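# sharing a model prediction with you, sequence too.
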Amino acid sequence: MDAYVLDWVNLLLRWAHVIVAIAWIGSSFYFVFLDNSLTKPEAPDRKSKGKDVGGQAEDLPDGELWAVHGGGFYHPTKYMVAPKQIPANLHWFYWESYSTWLTGFALFTVLYLYQASTFLIDKSVYAWTPGAAIAAALGFLVVFWIAYDLICRTLGQREGGDRLVGALVAVLVVFASWLACQLFAGRAAFLLVGAMMATAMSANVFFWIIPGQRTVMAQMKAGQPVDPVHGQRAKQRSVHNTYFTLPVLIAMLSNHYGFLYGAPHNWLVLALIMLAGALIRHSFVARHKALVAGKRVPWEHAIVGTLVIVGLAAWLAPAPQPAQARAEPVSFAQVQQVVAERCAMCHNEQVVSKNVQLHTPELIAKNAQSLYQQAVVLKTMPMNNATQITDAERALIGRWFEAGAPTN
């Protein structure tokens with residue numbers, strides 16, 4: 001596929017993926033907020049269950065919420081099983097999940113699987129063929145779901161099962177993070193961990209949440225007693241999905257920041273930053289419950305998550321340059337030599353990666369801003385550091401750019 005066309009496919013798939021992900025995450029966050037903010041009906045005529053209305057028992061909600069938004073008042077209510085009469089206009093929340101996974105997998109295929117030798121494989125980490133790397137990457141998605149689902153099904157229904165499941169899933173995620181970073185390029189490993197968790201989230205919807213709700217509907221239409229286990233399972237998987245959300249998002253975003261996936265012990269960096277996301281998400285979930293109960297909002301989880309991020313930032317901070325090195329003038333000849341050795345093999349007259357060429361002094365000057373951003377600030381280039389650029393060489397380019405990028 002032509003590089004220019006590939007860039008357009010990448011852009012449009014990424015755009016579509018973000019759009020549908022916003023829809024899915026937005027609805028997920030809203031319903032978690034709603035579940036944790038419901039109160040018992042307050043109106044006197046809505047408090048007594050089983051009240052006779054027109055000769056039939058009235059369906060009364062188990063919880064309600066009053067809210068104001070957009071100049072109007074909203075009054076959503078929740079039935080723990082379902083009202084006796086199923087509404088004709090019933091919205092199902094599943095297309096958001098499926099669309100997010102499909103666009104994400106398509107983007108992963110175009111960027112990482114189709115270009116496995118460039119993006120998926122780092123031979124300094126693990127040298128294998130593109131076919132084997134692709135198979136292993138797909139295996140991560142499948143095996144993680146099978147292991148996660150097995151943990152939930154076998155342990156989730158016992159007493160104290162939620163905590164046990166949470167602990168085991170956390171261990172599984174950390175192990176997968178470690179293994180991915182031993183097998184794949186750091187950038188790909190971080191994204192793959194996010195993708196495997198996102199796959200489990202969508203699989204929860206596909207295999208458990210929606211089928212459970214359809215079973216409840218079928219039992220109601222057949223006049224059979226509704227088995228509450230379907231609602232319990234759906235609720236369990238929905239809770240897991242909301243805790244997965246922020247870790248997945250940071251894993252997806254991290255591939256733009258080389259100082260994260262290129263760090264020593266990068267698997268630990270990934271595990272800690274995902275832990276911070278889960279703690280912060282829990283803080284908001286707990287906040288909803290605390291406000292309804294009239295209790296103190298437990299911000300300590302968010303504080304701990306924030307401190308984890310601050311600790312990571314301190315750990316990964318680059319060592320300060322000696323004053324002498326900072327003061328040393330940089331000649332353009334030095335910069336040109338570094339660019340020729342580390343960058344020009346992918347940015348030249350024949351190979352024009354990302355529409356950037358660096359094989360002449362004029363082109364180096366023209367693309368100085370991009371060179372500085374990608375090689376010095378973000379450290380995302382060279383890709384997987386295939387040319388082994390050193391920190392000293394990055395600093396040299398940085399000093400040259402900050403001095404005005406002279407070419408004389």
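In hand now; what should we look at? Numbering: from 1, shown residues only.

# drop to CA atoms for contacts and neighbour counts, all remaining ones
Will do.

# which parts of the stretch 151-300 of the chain are helices?
161-183, 186-204, 210-221, 229-253, 258-261, 266-293, 300-316 (DSSP state H, counting those that start in this stretch).

# of those, which is nearest residue 85?
When the helices of the stretch 151-300 of the chain are compared by Cα to Cα, helix 210-221 sits nearest residue 85, at 9.0 Å.

# does that closest one pack against any helices or strands, and if so which?
Judged by 3 or more Cα pairs under 8 Å, 6 or more residues apart in numbering; DSSP states H and E, helix 210-221 is in contact with helix 229-253.

# buried stuff in the helix it packs on?
230-231, 233-234, 236-238, 240-252 (16 or more other Cα atoms under 10 Å).

# tabulate the helices of the stretch 151-300 of the chain (a markdown table), appending mean pLDDT and distance to residue 116.
As requested, these are exported to a markdown table (pLDDT from 0 to 100; distance: least, Cα to Cα, whole Å):
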| stretch | mean pLDDT | distance to residue 116 |
| --- | --- | --- |
| helix 161-183 | 96 | 13 |
| helix 186-204 | 96 | 9 |
| helix 210-221 | 88 | 34 |
| helix 229-253 | 92 | 18 |
| helix 258-261 | 89 | 17 |
| helix 266-293 | 94 | 20 |
| helix 300-316 | 96 | 28 |
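
# adding distance to residue 28, write these out as a markdown table.
Written out in a markdown table, the entries for the helices of the stretch 151-300 of the chain read as follows (distance: least, Cα to Cα, whole Å):
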| stretch | distance to residue 28 |
| --- | --- |
| helix 161-183 | 19 |
| helix 186-204 | 11 |
| helix 210-221 | 14 |
| helix 229-253 | 7 |
| helix 258-261 | 28 |
| helix 266-293 | 12 |
| helix 300-316 | 20 |
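
# of all these, which one is nearest residue 100?
With respect to residue 100, and counting by Cα to Cα, the nearest of the helices of the stretch 151-300 of the chain is helix 186-204 at 8.3 Å.

# now do the closest one: distance to the chain's middle.
Distance of helix 186-204 from the chain centroid (Cα atoms, centre = their mean, to the nearest Å) equals 7 Å.

# who's in contact with that helix?
With Cα atoms under 8 Å, 6 or more residues apart in numbering as the contact definition, helix 186-204 has outside contacts at 97-98, 101, 104, 112, 119-120, 137, 140-142, 144-145, 148, 173, 176-177, 180-181, 183, 237-238, 240-241, 244-245, 247-252, 254-255, 258, 261-262, 266, 270, 384.

# now swap in stretch 97-117 and tell me
The set of residues external to stretch 97-117 that reach it, using Cα under 8 Å, 6+ apart, is 6, 9-10, 13-14, 16-18, 20-21, 24, 118-120, 129-130, 133-134, 188, 195, 198-199, 202, 205-206.

# what about these, which are in helices?
Among these, the members found in helices (DSSP state H) are 6, 9-10, 13-14, 16-18, 20-21, 24, 130, 133-134, 188, 195, 198-199, 202.

# which of these count as buried?
With burial judged by 16+ other Cα under 10 Å, the buried subset of the ones in helices among the contacts of stretch 97-117 is 9-10, 13-14, 16-17, 20-21, 24, 130, 133-134, 188, 195, 198-199, 202.

# burial measure for the closest residue to residue 75 other than its chain neighbours, as a count.
For residue 75, the nearest residue in space outside its immediate sequence neighbours is residue 66; the separation is 4.7 Å by Cα to Cα, 6 or more residues apart in numbering. By other Cα atoms under 10 Å, 12 other residues sit near residue 66.

# one more: residue 162?
15.

# now that it has come up, it's in contact with residue 151, right?
No: at 10.4 Å, residue 162 and residue 151 do not qualify as touching, with contact defined as Cα atoms under 8 Å.

# mind listing the shared neighbours of these two?
The overlap between the contact sets of residue 162 and residue 151 (Cα under 8 Å, 6+ apart) is empty.

# in contact with the residue nearest to residue 75, which residues?
With contact taken as Cα under 8 Å, 6+ apart, residue 66 is in contact with 73, 74, 75, 76.

# hmm, 10 Å instead?
Shown in contact with residue 66 (Cα atoms under 10 Å, 6 or more residues apart in numbering): 37, 38, 39, 73, 74, 75, 76, 77.

# and which of those is nearest residue 336?
Taking Cα to Cα as the measure, residue 37 is the one of those closest to residue 336, at 60.8 Å.

# how near is that closest one to residue 110?
Using Cα to Cα, to the nearest Å, residue 37 is found at 41 Å from residue 110.

# one more: residue 316?
Distance of residue 316 to residue 110, computed by Cα to Cα: 31 Å.

# ok, now residue 195?
14 Å.

# same deal with residue 90?
Using Cα to Cα, residue 90 is found at 36 Å from residue 110.

# out of these two, which sits in the busier spot?
The neighbour comparison of residue 90 against residue 110 (other Cα under 10 Å) goes to residue 110, with 18 against 7.

# per-residue confidence at the more buried one?
In this model, residue 110 is scored at 93, pLDDT.

# same check, this time on residue 84
According to the per-residue confidence, residue 84 scores 70 in pLDDT.

# which secondary structure state is assigned to it?
Under DSSP: H, G, I helix; E, B strand; the rest coil, residue 84 falls in the coil class.

# do I have it right that it meets residue 220?
Yes: judged on Cα atoms under 10 Å, residue 84 makes contact with residue 220 at a distance of 7.9 Å.

# number of nearby residues for the closest residue to residue 248 other than its chain neighbours?
Leaving aside its sequence neighbours, residue 248 sits nearest to residue 194 (Cα to Cα, 6+ apart; 4.5 Å). Each residue near residue 194 was counted by other Cα under 10 Å, and the total is 27.

# what's the separation between residue 194 and residue 226?
36 Å.

# now do the contacts for residue 384.
Going by Cα under 10 Å, 6+ apart, residue 384 touches 118-125, 184-188, 258, 261-262.

# just the buried subset of the residues you listed, written out for ChimeraX, thanks.
Isolation of the buried members of these (16+ other Cα under 10 Å) is achieved in ChimeraX through the command below:
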select :118,119,120,121,122,184,185,186,187,188,258,261,262
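
# out of the contacts of residue 384, who's nearest residue 283?
residue 261 (26.6 Å).
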